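Undergrad: Here's my sequence, what's the structure:
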Amino acid sequence: MRAVALACSALVLTACASTPGPGPDSGGQATNQNDCAVIAAVAKGHYEFDRANNVPPPLWLFSEAGDWSPRCDWSRYGLNFPTTYDPDRQHQPGERVQWVQFRKPVYDGNGATVEAGILHGPLAGLGVECRVVSGIAGWTLAGQCRNTWIS
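TA: I've put the predicted structure just below:
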């Protein structure tokens, strides 16, 4: 019995020692896959882009440093972003500029916070900060998003 207990203890210690922790830029627990799920929770829960009659504007995954560009399989989350927004593209005069923007989520021990914004036209936009938590149903909104800017 003692040998079995020692063998089990050694196995547990080996598993713990060989399990890699989060990377230095992972925000504690984040991976691109978590980022995609968090963004999807806001896209569905706040913007309701999962409804057939609510087609999202072009998607803009924004990073000030340009070091964040997750590759997400949006269909996995029941979403479809038909186009992406390129902030460097020259727009034609009279062209309607639209986008929905998500910044890299910030994680803590209780969930994540993500900044988002939507622009419907030159003077029609709204920024929000949303709290998202992980549970049995995956990542979901934790209440209402807080407005951060309006145009």
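
Undergrad: and residue 134, what element?
TA: strand 124-135 (DSSP states H and E).

Undergrad: Can you give me the buried ones in the helix or strand following that strand?
TA: For strand 124-135, the following helix or strand on the C-terminal side (DSSP H and E) is strand 138-141. Neighbour-count burial for strand 138-141, counted by 16 or more other Cβ atoms under 10 Å, picks out 139, 140, 141. Backbone N, C-alpha and C define where each C-beta goes, glycine included.

Undergrad: sorry, back to before: contacts for the strand holding residue 134, please.
TA: By Cβ atoms under 8 Å, 6 or more residues apart in numbering, the list of residues contacting strand 124-135 from outside reads 38, 41-42, 45-46, 105, 110-119, 139-143, 145-151.

Undergrad: Tell me the secondary structure at the residue nearest the centre of the chain.
TA: The residue lying closest to the centre of the chain (Cα atoms, centre = their mean) is residue 39, at 2.8 Å. Assigned state for residue 39: helix (three-state reduction, DSSP: H, G, I helix; E, B strand; the rest coil).

Undergrad: ok, and the closest non-adjacent residue to it?
TA: residue 102 (4.7 Å; Cβ to Cβ, 6 or more residues apart in numbering).
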